[in-house]
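Trainee: A predicted structure for the sequence below; I have some questions about it.
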Amino acid sequence: MEATVNEKTPAGRSEPETFEPRIIAFVCNWCTYAAADLAGTARIQYPPNVKIVRLMCSGAIDPIYVLRALTGGFDGVLIGGCHPGDCHYQTGNYKARRRVTILQKILEGVGYDSERVWLRWISASEGGQFAATVSEMVESLKSRGPNVLTHNWNK
Amino acid sequence: MKKRLRLDVQSDGMDGAVGRFARELISSGEVDRVFFPQFDESGVAVYGTLVGCAEDLSAPASLVPYINGNKGREAGMGVPKNGGRRTAVFVRPCEARAIVELSKLMQAYRDSMLLVTCDCPGTLTLDEYKRFREEHPEAREGVDGFYEPFRRGERHDGYTVRECCTFCESLAHPESDIRLLLVGAPDGAVVVEAATEAGEQALAKMAMENSVDVDETVRERFAESQRECHAEMESHWDERVKSVEDFMELVQHCRRCYNCRAECPICYCRECVFQTATFEVSQEAFGRRADQFCVVKMPPDTLVFHLTRMNHMVTSCVSCGQCTEACPQKIPVGKIFSAVGRRVQEVFEYRAGADPADELPQAVFREDELEPR
């Protein structure tokens, strides 16, 4: 991993020539984390730009986590949960879907690119889907460029 | 056809007439108490008061164009949940909207209230209200004069109303039990309308008989101009906030004093997340942030504060604008939350404070919605 949030990437210092987006993924224990695990054991290749944080359920996401990540140096946030109807806790992903939608609408409302926050349903058997989603998100963020909030200290 | 009765304005002015109506509600036994804005002894400051005896409602100020904060919250605090006993609550439309939202959040008991709202032309900032009172030491004449153009369906140009009032969309609160109609009302009268069954029952017991009507074309014209003003605000927002940097410029002077949150009727949490360990930054953590980003603003997390507060309450934002009044740095908080709130509420076809039957978007979900992701 070339750049992590713990490395100094201060304002004014030149960025590496090719922009490598930093992604944090909040994934649920029962589906998307298992999918990421499966991608690993099946040796499916995907970009190393993602840091995975395991939560028990996508419904456990507090939008504060997402906002902190976006102001704290990440370029994108991926939230992964079970497909609708498959939540281990019955309804956690439905609640996550409302919360993330509200957050995205707020971000749009204040002029921020809400496409930096992704909510995706990836089941435990979809290791390939997890890898594909990460690749797709890296490509999308590369075209969007670095997160403006990373080096703007007035935040 | 809704029942509309004539309330005569006598020598005690419009405020006096509304006060008389409130006293009658108590003495007829229709309600046990009223929550009513009154002048204190100085005759200038206005407070919400909870009145148990009709004769103690002696300095009515429900139409004085100044509100000392959104009293929706205070009404929620003062009206207990006891079946049978009832309190008539006299508030402005934005305060009534706050009551509807608070009762969904179980912080107010709408069902124990007889909600009475008036047509509202907007209220003044504290500075403007002071000027108003200097020019009108006798409140009664000032108030009646202030409402003169409004009754004809025109906006007042002598005093500046609060920013959020300039783009308010509600002439009267649609879900109140009784509405006091002023726009299009005949001269020398306040029109009392029974808007719900409860309102009708209350009016049935009162010694008011003269049926009267309002000029609906005047009302529609005023409502149309309100919609235009709101649309203008929305398009101005779209022009002004094109990127997150534009937004940060709007809130750039924020001191994190939390006044906006303290004045917000919807922010009812006793322990706010911003004052818990979650947002506590130790000296060590500040040091680490400085190492990571080379420079850290102090106080930190301005953006996270505003966006998180939005996350918590913007689906219920009633656009009362008390946050704007509370901001020492003159940030147009109310306009920001109102504009963003509308966008969020639209997704769920929700209007904060409108229909008590609509469920809070944060509290419910549907299995089949918001797809594909």
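Mentor: Here it is on my side, so go on. Residues are numbered from 1 along each chain as shown, chains lettered A, B, ... in the order given.
Trainee: contacts and neighbour counts: CA atoms only from here.
Mentor: OK.
Trainee: Which stretches in chain B count as helices?
Mentor: Assigned by DSSP state H, chain B shows helices spanning B:13-27, B:72-78, B:93-104, B:126-135, B:139-151, B:163-166, B:197-204, B:216-240, B:244-250, B:259-263, B:283-293, B:302-313, B:322-326, B:333-347.
Trainee: Residue B:93 is in contact with residue B:170, correct?
Mentor: Yes: counting by CA atoms under 8 Å, residue B:93 is a contact partner of residue B:170 at 7.0 Å.
Trainee: more neighbours, these two?
Mentor: The neighbour comparison of residue B:170 against residue B:93 (other CA atoms under 10 Å in any protein chain shown) goes to residue B:93, with 30 against 17.
Trainee: measure that one to chain A for me?
Mentor: Look at residue B:93 and chain A: by CA to the nearest CA, to the nearest Å, they are 25 Å apart.
Trainee: my guess is that residue contacts residue B:168, does it?
Mentor: No: using CA under 8 Å, residue B:93 is not in contact with residue B:168; the gap is 9.8 Å.
Trainee: which stretches of the stretch 1-150 of chain B aren't confidently modelled?
Mentor: For the stretch 1-150 of chain B, the stretches with pLDDT under 70 are B:1.
Trainee: Run through the residues of chain B sitting next to chain A.
Mentor: With CA under 8 Å from any CA of the partner chain as the criterion, chain B meets chain A at residues B:241-248, B:252, B:291-297, B:300-304, B:307-308, B:310-311, B:339-341, B:343-344, B:361-362, B:364-367, B:370, B:373.
Trainee: what about residue B:352, how many neighbours?
Mentor: Counted with other CA under 10 Å, residue B:352 comes out at 24.
Trainee: list the contacts for it?
Mentor: When contacts are counted by CA atoms under 8 Å, 6 or more residues apart in numbering or on different chains, residue B:352 touches B:97, B:101, B:315-318, B:345.
Trainee: Could you list the domains of chain B?
Mentor: Segmentation of chain B into domains, based on automatic domain parsing, reads B:4-230, B:242-347.
Trainee: next one: phi and psi at the closest residue to residue B:142 other than its chain neighbours?
Mentor: The spatial neighbour of residue B:142 that comes closest, neighbours along the chain excluded (CA to CA, 6 or more residues apart in numbering or on different chains), is residue B:136 at 5.2 Å. Main-chain dihedrals, residue B:136, degrees, to the nearest 10: phi -130, psi 80.
Trainee: With chain A as the reference, measure out to residue B:136.
Mentor: As defined by CA to the nearest CA, residue B:136 lies at a distance of 42 Å from chain A.
Trainee: That residue and residue B:145 touch, don't they?
Mentor: No: with contact defined as CA under 8 Å, residue B:136 does not count as touching residue B:145 (9.7 Å).
Trainee: that older thread, so which of the helices of chain B is nearest residue A:50?
Mentor: Evaluated with CA to CA, those place helix B:283-293 nearest to residue A:50, the distance being 18.9 Å.
Trainee: hang on, the earlier thing: residues near the residue nearest to residue B:142, how many?
Mentor: The burial count assigned to residue B:136 is 14, neighbours taken as other CA under 10 Å.
Trainee: if we can go back for a sec, tell me the buried residues within the residues of chain B next to chain A.
Mentor: Taking 16 or more other CA atoms under 10 Å in any protein chain shown as the criterion, what is buried in the residues of chain B next to chain A is B:241, B:243-245, B:247-248, B:252, B:291-296, B:300-304, B:307-308, B:310-311, B:339-341, B:343-344, B:361-362, B:365.
Trainee: Name the nearest residue to the residue of the stretch 101-250 of chain B found nearest chain A, ignoring sequence neighbours.
Mentor: In the stretch 101-250 of chain B, no residue comes nearer to chain A than residue B:243, which is 4.1 Å away by CA to the nearest CA. Residue nearest to residue B:243 in three dimensions, not counting chain neighbours: residue A:111, with 4.1 Å by CA to CA, 6+ apart.
Trainee: which neighbours do residue B:170 and residue B:93 share?
Mentor: By CA under 8 Å, 6+ apart, residue B:170 and residue B:93 have these common neighbours: residue B:120.
Trainee: Report the central residue of chain A.
Mentor: Geometric centre of chain A, nearest residue: residue A:78, 2.0 Å, by CA atoms, centre = their mean.
Trainee: Likewise for chain B?
Mentor: By CA atoms, centre = their mean, the most central residue of chain B is residue B:94, 2.2 Å off.
Trainee: quick one, what contacts that residue?
Mentor: Neighbouring residues of residue B:94 by CA under 8 Å, 6+ apart: B:70, B:173, B:318-320.
Trainee: and if you look at residue B:323?
Mentor: With contact set as CA under 8 Å, 6+ apart, residue B:323 has these partners: B:259-261, B:263-264, B:333-334.
Trainee: Please, where are all the helices along chain A?
Mentor: A:32-41, A:63-71, A:92-109, A:127-144.
Trainee: What's the local residue count around residue B:235?
Mentor: If you count neighbours by other CA under 10 Å, residue B:235 ends up with 11.
Trainee: With residue B:356 instead?
Mentor: By other CA under 10 Å, 16 other residues sit near residue B:356.
Trainee: How about residue B:316?
Mentor: Residues near residue B:316, counting by other CA under 10 Å: 30.
Trainee: Identify the residue nearest it in space, chain neighbours excluded?
Mentor: Distance criterion CA to CA, 6+ apart; nearest residue to residue B:316, sequence neighbours excluded, is residue B:352 at 4.9 Å.
Trainee: gap between the one you found and residue A:101?
Mentor: To residue A:101, residue B:352 is 17 Å away according to CA to CA, to the nearest Å.
Trainee: okay, how far is it across stretch B:264-277, tip to tip?
Mentor: For stretch B:264-277, the first-to-last residue distance is 22 Å (CA to CA).
Trainee: and that stretch, how far out from the chain's middle?
Mentor: On the basis of CA atoms, centre = their mean, to the nearest Å, stretch B:264-277 sits 20 Å off its chain's mean C-alpha point.
Trainee: buried sites along it?
Mentor: For stretch B:264-277, burial by neighbour count (16+ other CA under 10 Å) applies to B:264-268.
Trainee: Would you report the backbone torsion angles of the nearest residue to residue B:205 once chain neighbours are set aside?
Mentor: Leaving aside its sequence neighbours, residue B:205 sits nearest to residue B:28 (CA to CA, 6+ apart; 6.9 Å). Here is the backbone geometry of residue B:28 (degrees, to the nearest 10): phi -80, psi -10.
Trainee: and residue B:28, how far is that from residue B:202?
Mentor: Distance from residue B:28 to residue B:202, by CA to CA: 9 Å.
Trainee: One more: residue B:219?
Mentor: Residue B:219 sits 25 Å away from residue B:202, going by CA to CA.
Trainee: So between these two, which is more surrounded?
Mentor: More crowded of residue B:219 and residue B:202, by other CA under 10 Å: residue B:219, with 22 against 19.
Trainee: Name the residues of chain A found near chain B, please.
Mentor: A:5-11, A:63-64, A:67-68, A:71, A:84-85, A:94-95, A:97-99, A:101-103, A:105-107, A:109-112, A:119-121, A:150-151, A:153-155.
Trainee: Give the buried subset of these as a PyMOL selection command.
Mentor: This is the PyMOL syntax for the buried subset of the residues of chain A next to chain B, where burial follows 16+ other CA under 10 Å:
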select buried, chain A and resi 9+10+63+64+67+71+84+94+95+97+98+99+101+102+103+105+106+107+109+110+111+112+119+120+121+150+151+153+154+155
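Trainee: follow-up on the earlier one: make JSON lines out of the contacts of residue B:323 and add pLDDT.
Mentor: Shown next, in JSON lines, are the contacts of residue B:323 (pLDDT from 0 to 100):
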{"residue": "B:259", "pLDDT": "97"}
{"residue": "B:260", "pLDDT": "97"}
{"residue": "B:261", "pLDDT": "97"}
{"residue": "B:263", "pLDDT": "96"}
{"residue": "B:264", "pLDDT": "97"}
{"residue": "B:333", "pLDDT": "97"}
{"residue": "B:334", "pLDDT": "97"}
